[in-house]
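Enquirer: Need a 3D model of the sequence below.
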Amino acid sequence: MPALDGIHHVKLQVRDVPRSADWYSRVLGLTVVHRWVEDGVVRGAALRVPGTNVELGMRALDAGRESSFFGFDPIAFAVPGRAELGAWVRQLDALGVAHGPIIEGSVGSLMVVPDPDGIELKLYTGRRADGGPSPAGD
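Expert: From the prediction side, this is the model:
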């Protein structure tokens, strides 16, 4: 089997690239590394996920189209543990950003945070080195 070397990027369709890029930067700390401009309009952006080599790409929706991601959860950001989820609750509350409660998922604790387009992002505690879920009390 040829080798894979992780995930290069994930791309979302958004209504307003500058607005979404600003939200992901301000709320989640992603860094804009590139913008695509077509006919003088920002039509795409790439943002780096902190502490990784993974990028989140954004592409503007064509006029009149709805994103197929509305109400869907295509991305789960890894969070070290439940204590960090509590820190995210405090951070999101301080920013006035809507989010769901911390709940128990199938492999750890998680919280849902809708982005400006209604895409449901998850902040999810990781797995242990042995592949099992993180302890509930971490």
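Enquirer: what ranges do the strands span in the protein?
Expert: Under the criterion DSSP state E, the chain contains strands at 9-14, 31-38, 41-48, 55-60, 75-79, 103-104, 109-114, 120-125.
Enquirer: For the lengthiest helix in the chain, the averaged confidence score.
Expert: Looking across the chain with DSSP state H, the single longest helix is helix 82-95. Mean pLDDT, helix 82-95: 95.
Enquirer: Tell me which other helices or strands it touches.
Expert: Contact here means 3 or more Cβ pairs under 8 Å, 6 or more residues apart in numbering; DSSP states H and E; on that basis helix 82-95 packs against helix 17-28, strand 109-114, strand 120-125. C-beta here means a position set from N, CA and C on the backbone, and glycine is covered the same way.
Enquirer: For those, please prepare TSV with the additional fields mean neighbour count and mean pLDDT.
Expert: Listed next are these as TSV, based on neighbours: other Cβ atoms under 10 Å; pLDDT from 0 to 100:
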stretch	mean neighbour count	mean pLDDT
helix 17-28	18	96
strand 109-114	20	94
strand 120-125	20	92
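Enquirer: pLDDT score for the closest residue to residue 48 other than its chain neighbours?
Expert: Of all residues not flanking residue 48 in the chain, residue 31 sits nearest, at 4.7 Å (Cβ to Cβ, 6 or more residues apart in numbering). With respect to pLDDT, residue 31 has a value of 96.
Enquirer: before we move on, the earlier item: distance to residue 88 added to the strands of the chain, as CSV?
Expert: Below are those laid out as CSV (distance: least, Cβ to Cβ, whole Å):
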stretch, distance to residue 88
strand 9-14, 20
strand 31-38, 18
strand 41-48, 18
strand 55-60, 17
strand 75-79, 7
strand 103-104, 13
strand 109-114, 7
strand 120-125, 5
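Enquirer: So which of those is nearest residue 89?
Expert: Smallest distance to residue 89 across those (Cβ to Cβ): 7.0 Å, for strand 109-114.
Enquirer: helices or strands up against the closest one?
Expert: Counting by 3+ Cβ pairs under 8 Å, 6+ apart, the packing neighbours recorded for strand 109-114 are helix 82-95, strand 103-104, strand 120-125.
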